[in-house]
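Asks: My questions are about this predicted structure, shown below with the sequence.
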Amino acid sequence: MIPRSGVITLALVLLVLAAGCNDIARNAPGERISVAVTIPPQEEMVREIGGERVEVVVMVPPGSDPHTYEPEPALVARAAGADLYVTIGTGLLPIEDTLVSRLTAMNPGLVVADSSTGISSLSPDQGGETSLVQGEDLGRETGQANPSPDPHIWLSLRNAVIMSENTRDALIKVDPANENEYRRNCDKYTSRLRDLDQEIDAAYSRNDPGMILVTHQAWDYFARDYHLDIVAIENDGKEATAKDLASFILLARSHGIRVVFAEAQESTREAETIAGEIGGSVRVIDPLAGDYLANMERVAEAFAGAVQG
């Protein structure tokens with residue numbers, strides 16, 4: 001009798017074969033390049049740069065939490081049949097590291113590109129605030145211990161420029177014949193990213209946004225870029241205790257906070273508890289929205305609107 005694990009592995013291999021041979025697809029004239037990514041914001045980057053020459057497989061669908069999501073076997077098989085997997089970054093999300101190992105075992109010809117190359121990571125310190133790890137490229141070993149870098153690198157438009165350029169280079173590696181097109185598309189997209197970054201920076205420079213209270217510690221790169229004071233209720237992925245909630249209620253009152261920001265992928269219970277005590281409201285924001293550029297503008301406006309009353 002074949003062990004259950006062996007049956008699952010065999011089934012995945014058969015699904016990959018059914019999806020078609022990766023090398024043949026890559027070399028066929030006019031055939032689209034199949035690109036796998038981890039989260040929806042990456043899909044926009046790939047589509048904007050690759051245009052009609054790419055099709056995208058998203059491993060963590062909208063509404064799912066990349067920290068805990070487990071892709072279905074059929075989705076894993078589709079990704080294994082891809083030409084290219086653009087990761088967020090080595091060591092940032094356990095699910096991604098596991099997926100890369102599985103996919104490359106199933107398809108040794110799969111090209112894997114790390115979109116975090118060249119990005120300096122943020123790491124939570126023991127005080128719960130964030131500090132920039134200077135000179136460290138995510139996905140590279142530096143010889144210094146940094147066990148849990150903040151994985152939310154895409155929530156910085158400045159990081160998104162670097163991620164997009166790394167994505168461009170990966171597409172060129174897989175499809176060098178269309179290098180000029182990928183470079184043109186990338187230039188257009190990163191120009192839009194930079195324009196929005198400058199607009200947000202100017203808006204926050206004119207108006208001190210004050211303290212912003214969020215449920216999940218996902219916005220530290222955003223806070224770094226615009227010198228914001230964003231405080232997260234959760235600590236290292238753990239829910240707040242009753243004592244913690246009481247402290248946050250006092251903090252919100254002392255800083256005149258009227259809005260608590262929750263996330264689409266998580267429970268709003270803690271946010272509602274605090275909002276109820278301060279006579280405020282809960283607003284849901286989505287760090288994983290597929291319309292990345294538009295979403296970053298929405299979040300910036302939401303933060304500004306909350307602190308302006």
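Replies: Good, I have the coordinates. Residues are numbered from 1 along each chain as shown.

Asks: Of all the helices and strands in this structure, which has the lowest average confidence?
Replies: In the chain, the helix or strand scored least confidently by mean pLDDT, DSSP states H and E is strand 130-137, which has a mean of 37.

Asks: can you give me the strands in the stretch 51-200 of the chain?
Replies: Applying DSSP state E, counting those that start in this stretch to the stretch 51-200 of the chain gives strands spanning 54-58, 84-87, 111-114, 120-124, 130-137.

Asks: which neighbours does the fourth one have in its sheet, and in what orientation?
Replies: Think strand 120-124. The pairing partners recorded for strand 120-124 under DSSP bridges are strand 130-137 (antiparallel).

Asks: How about the second one?
Replies: Taking DSSP bridges as the criterion, strand 84-87 pairs within the sheet with strand 33-37 (parallel), strand 111-114 (parallel).

Asks: most packed of those strands?
Replies: strand 33-37 (a mean of 26; mean count of other CB atoms under 10 Å). For the C-beta atoms, the positions are set from N, CA and C on the backbone; glycine is no exception.

Asks: Can you list the neighbours in contact with whatever helix or strand comes next after that strand?
Replies: Proceeding N to C from strand 33-37, the next assigned helix or strand is helix 40-50, under DSSP states H and E. Helix 40-50 is contacted from outside by 33, 35, 37, 54, 56, 58, 60-62, 86, 88, 115, 154, 160, 163-164, 167-168, 171, 182, 185-186, 188-189, 288-293, 295, using CB atoms under 8 Å, 6 or more residues apart in numbering.

Asks: Which of those fall in helices?
Replies: Judged by DSSP state H, the contacts of helix 40-50 include 160, 163-164, 167-168, 171, 182, 185-186, 188-189, 292-293, 295 as members of helices.

Asks: For ChimeraX, what selects the buried ones among those?
Replies: The buried subset of the ones in helices among the contacts of helix 40-50, as determined by 16 or more other CB atoms under 10 Å, is captured in ChimeraX by this line:
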select :160,163,164,167,168,171,182,185,186,189,292,293,295
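
Asks: Against residue 267, how distant is the closest residue to residue 68 other than its chain neighbours?
Replies: Ranked by CB to CB, 6 or more residues apart in numbering and with sequence neighbours excluded, the top spatial neighbour of residue 68 is residue 95, at 7.9 Å. As judged by CB to CB, to the nearest Å, residue 95 and residue 267 stand 20 Å apart.

Asks: higher neighbour count, the two?
Replies: Neighbour tally, residue 95 and residue 267, criterion other CB atoms under 10 Å: the higher count belongs to residue 95, 18 against 11.

Asks: any idea how far that one is from residue 217?
Replies: Counting by CB to CB, the gap from residue 95 to residue 217 is 18 Å.

Asks: Then residue 159?
Replies: Here residue 159 is placed at a distance of 16 Å from residue 217 (CB to CB).

Asks: Specify which residue of those two has the higher count of neighbours.
Replies: Between residue 159 and residue 217, counted using other CB under 10 Å, residue 159 has the larger neighbour count: 24 against 20.

Asks: list the contacts for that one?
Replies: Contacts of residue 159 by CB under 8 Å, 6+ apart are 119, 153, 221.

Asks: Test my guess that the second one contacts residue 90.
Replies: I take that to be residue 153. No: using CB atoms under 8 Å, residue 153 is not in contact with residue 90; the gap is 11.9 Å.

Asks: neighbour-wise, which of the two wins?
Replies: Per other CB under 10 Å, whichever of residue 153 and residue 90 has more neighbours is residue 153, with 23 against 17.

Asks: which one is that one nearest to, not counting chain neighbours?
Replies: residue 159 (4.7 Å).

Asks: so what's the one you found scoring on pLDDT?
Replies: The per-residue pLDDT reported for residue 159 equals 98.

Asks: burial of the closest residue to residue 154 other than its chain neighbours, as a residue count?
Replies: Taking CB to CB, 6+ apart, and ignoring the residues beside it in sequence, residue 154 has residue 41 as its nearest neighbour in space, at 4.9 Å. For residue 41, the count of nearby residues is 24 (other CB under 10 Å).

Asks: now residue 41: how far from residue 294?
Replies: In terms of CB to CB, residue 41 sits 11 Å off from residue 294.

Asks: try residue 166
Replies: Look at residue 166 and residue 294: by CB to CB, they are 22 Å apart.

Asks: what does residue 114 give?
Replies: Residue 114 is 26 Å from residue 294, by CB to CB.

Asks: Output the below-cut-off pLDDT ranges for this protein.
Replies: 1-29, 124-147, 236-237, 307-309 (pLDDT under 70).

Asks: more crowded one of residue 166 and residue 294?
Replies: Per other CB under 10 Å, whichever of residue 166 and residue 294 has more neighbours is residue 166, with 22 against 12.

Asks: Could you report the distance from residue 85 to residue 273?
Replies: To residue 273, residue 85 is 40 Å away according to CB to CB.
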